[in-house]
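Peer 1: The following comprises the amino acid sequence and a computationally predicted model.
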Amino acid sequence: MSGPYQIDFPHPRPYMRCALAYLIAAALILCGIAVIAQLILAIVISPFGILFLISAFFTATLLIPLLLQSVLHPEIRLSAEGIWLRPMLWRERFVPRHALLRCVPHPLIPESEANAALLRVLFGKKHRKREGYAVLVARDALPPLYRLLARLANAPEAAAFAISSSTHRHYEQLCAAIAALLADSTD
């Protein structure tokens, strides 16, 4: 890809994305407060403190999927120099073209035919099979939160963000543009 250009790939339902961002933020805040309260109760109530300590651990574990959801499918803006990522809650990040590594199948989208048949039954004939990729980038190009998806994609040495047909408009164009950036980054 050469020349000055900039292509936006926003979320297909921006109001839904905004509502989901508020819900995730509220859940993160409530879980954080709950973990702190449970740790305080574990210290204050000594005979039953171990129960509060265990529940604090489980509540903290519930934070992981919420944090992953906040960065999983960012809005994307492509340019000749690289990719701008706008996650739900955190600040916008730039991934330079030379930091792009490769695309792998999305680790959180099931590929079974039984699942596709069930979705066709539930949502009708117009249901389109969900597709997606995890775009792996150099480990230091993105913050640690993006490394969770890379670990799920069996690439612990990288960071990753995801694209899918249900979370990005013009999914096929986005895939082609990222493939072109990947081809340029290897040259």
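Peer 2: Here it is on my side, so go on.
Peer 1: Show me the residue at the heart of this structure, geometrically.
Peer 2: Taking CA atoms, centre = their mean, the centroid of the chain lies closest to Leu72, which sits 0.5 Å from it.
Peer 1: Distance of that one relative to His168?
Peer 2: Noted for Leu72: a distance of 12 Å to His168, by CB to CB, to the nearest Å. The way it works is simple: take the backbone N, C-alpha and C, and place the C-beta from them, glycine included.
Peer 1: can you check Asn154 too?
Peer 2: Taken as CB to CB, the span from Asn154 to His168 is 23 Å.
Peer 1: Of those two, give the one with the bigger neighbour count.
Peer 2: His168 (22 against 9; other CB atoms under 10 Å).
Peer 1: which element is the more buried one on?
Peer 2: Assigned by DSSP states H and E, His168 falls within no helix or strand.
Peer 1: Torsion angles phi and psi at it?
Peer 2: Phi and psi for His168, reported as degrees, to the nearest 10, are phi -130, psi 130.
Peer 1: Nearest spatial neighbour of it, chain-adjacent residues omitted?
Peer 2: Phe9 (5.0 Å; CB to CB, 6 or more residues apart in numbering).
Peer 1: Next, count neighbours for Asp8.
Peer 2: Using other CB under 10 Å, Asp8 is surrounded by 12 other residues.
Peer 1: same question but for Ala160, I mixed them up
Peer 2: Ala160: 28 neighbours (other CB under 10 Å).
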